[in-house]
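Trainee: coordinates only, sequence not included:
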C-alpha cells in the first residue's frame, strides 16, 4: 500500500509556509542558473563544464568524466592541447587533441585534431569539404578533470524516464520537505 | 525523522562529501609539482620531397621524412595522482606562409605502471610531416621538442615541454621519386 503521509505534511502547512517552500525552490533554481552564467563569464567559454560522451580520448577520459574548460581569446591555441569544438551540422561538441597547427602573421590560425584513441585524424568528422578547424569553432580548452561525476548526466540522456523520475522526486522533496 | 530513507540519504550525502574532500586533498598534494624532466633528441636522416598532399588540397606540398633517436627517463614524474602521460614530439618552424607551424610527428601514451624509461633508436615518425605549402626545403631552423600532457586522477591538465630540444635543417634539394629512408 502506498503511504500518502507526506500529503498530510502539506495539509498541515499554513499559507506562509507554503509560500516559503515555493520561494525556497525558486531560490535553488535561480542560484544554480546564476552559478552557471557566472562561470561562463569567468571562463569565457559558452559551456564551462562538459561531460565526456565518447571513448575517443581513452584511456585519458572515459564516458562520464567531467572536464572544466576555459576559452580566453588572448590565450593562443597550441599543439598537444585538448580542445572542445563544434562542427557544423553536429549538435554535440567533440573533445579531441590538436596535432597540427599553422598560424599566419595576422594571428589567424588553422588546426587539425585527433582523438587519442582513434587511429586517424578528425577530417572525417568535420563538415563535408572542411579540412581545418579555426578559432571560432572552439568552445573551450580542457583545463581540469574530475572522473565519474558526469555519469548521472549520461544515465539521464540514455534513459529519459530516469531523468523525469529524478526531477519529479527532487521537486517534490524540496516543495514538501519541512525543516 | 528516523526513517530508513532519511538515514540512507544522510549516509549517501556524507559519503559523497568525504570523497569530494579527499579527491580535492589528493589534487592539492600534487598541484605544486613542476613535472619537468631532461630529455635527449637526435636526428639521423633528413630528406624532403615535393608530393601531392592527398589529405588536403591535392596540391603539391613539401613532405619531410626524418628518423630520430629519443632518450628520456620519466619514471620520477609518476605519483599517486597521475593516471597517464601523453607524450608528443613536435616539429616547430617558421615559413614565409606562416609565422608558426607546429606538427606532431610522434606520440605515445604511458599509463601508470608502464615502462617510462624511453630509449629509442631510428624511430620513424607516426604522422606525415606535411607542410602547409612549400616551406620545408632548405628550412634552416626546425626545432624538435618532446612535451607531455599530464592526465591526473583528478586535477589540472598541464602541458610541459621537456628540457632539451634539437634543431636541424632540411636539405636544399628535393629527393626525387620513390626513394625513402
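Mentor: Here it is on my side, so go on. Since this is a predicted model, take the numbers as computed values, not measurements.

Trainee: who in chain B is up against chain A?
Mentor: Applying CB under 8 Å from any CB of the partner chain, we find that chain B lies next to chain A at B:23, B:55-57, B:83-84, B:86, B:88, B:90, B:97-104, B:107, B:109, B:111, B:127, B:132, B:147, B:149, B:151-157, B:159. No exception for glycine: its C-beta is placed from N, CA and C like everyone else's.

Trainee: now the residues you listed: which count as buried?
Mentor: B:23, B:83-84, B:86, B:88, B:90, B:98, B:100-104, B:107, B:109, B:127, B:132, B:147, B:149, B:151-155, B:157, B:159 (16 or more other CB atoms under 10 Å in any protein chain shown).

Trainee: which ones among those residues lie within strands?
Mentor: B:84, B:86, B:88, B:90, B:100-104, B:107, B:109, B:147, B:149, B:151, B:155, B:159 (DSSP state E).

Trainee: most widely separated two among the residues you listed?
Mentor: Largest separation among those by CB to CB: B:101 and B:155, giving 31.3 Å.

Trainee: what residues are up against the residue most central in space within chain B?
Mentor: By CA atoms, centre = their mean, the mean C-alpha position of chain B lies nearest to residue B:88, the distance being 2.0 Å. Applying CB atoms under 8 Å, 6 or more residues apart in numbering or on different chains to residue B:88 gives the contacts A:79-80, A:99, B:104, B:106-108, B:146-149.

Trainee: ok, those residues vs residue A:63, which is closest?
Mentor: Distance to residue A:63, by CB to CB, is smallest for residue B:149 among these, at 19.9 Å.

Trainee: skipping its backbone neighbours, what lies nearest the closest one in space?
Mentor: residue B:86 (4.2 Å; CB to CB, 6 or more residues apart in numbering or on different chains).

Trainee: cool, residue B:51 as well?
Mentor: residue B:63 (5.2 Å).

Trainee: ok, now which ones touch the one you found?
Mentor: B:48-51, B:53, B:128-131, B:136.

Trainee: of those residues, keep whichever come out buried.
Mentor: Applying 16+ other CB under 10 Å to the contacts of residue B:63 flags B:48-50, B:53, B:128-131, B:136 as buried.

Trainee: give me the lowest-pLDDT entry from the residues you listed.
Mentor: On pLDDT alone, residue B:53 ranks lowest of those, at 85.

Trainee: dump the residue contacts of that one.
Mentor: B:59-61, B:63, B:130.

Trainee: pull the most distant pair out of those residues.
Mentor: Applying CB to CB across the contacts of residue B:53, the maximum distance is between B:59 and B:63, 12.0 Å.

Trainee: next, the contact list for residue A:35, please.
Mentor: Residue A:35 neighbours (CB under 8 Å, 6+ apart): none.

Trainee: how about residue B:143?
Mentor: Here residue B:143 is in contact with B:91-93, B:165-167 (CB under 8 Å, 6+ apart).

Trainee: among those residues, who's most crowded?
Mentor: residue B:91 (25 neighbours; other CB atoms under 10 Å in any protein chain shown).

Trainee: mind checking pLDDT for the nearest residue to residue A:60 once chain neighbours are set aside?
Mentor: Once flanking residues are discounted, residue A:60 sits nearest to residue B:151: 4.5 Å by CB to CB, 6+ apart. Looking at residue B:151, its pLDDT is 95.

Trainee: over to residue A:39?
Mentor: For residue A:39, the model assigns a pLDDT of 96.

Trainee: quick check: which element contains it?
Mentor: helix A:15-43 (DSSP states H and E).

Trainee: ok, residue 85 - contacts?
Mentor: Chain wasn't specified; assuming chain A. So residue A:85 contacts A:93-94, A:96, A:113, A:133, A:137-139 (CB under 8 Å, 6+ apart).

Trainee: oops, chain B please
Mentor: B:74, B:77-78, B:109-110, B:116, B:148-151.

Trainee: nearest to chain A among the residues you listed?
Mentor: Chain A has its nearest neighbour among these in residue B:151, at 4.5 Å by CB to the nearest CB.

Trainee: who does the closest one form a beta bridge with?
Mentor: residue B:84 (DSSP bridges).
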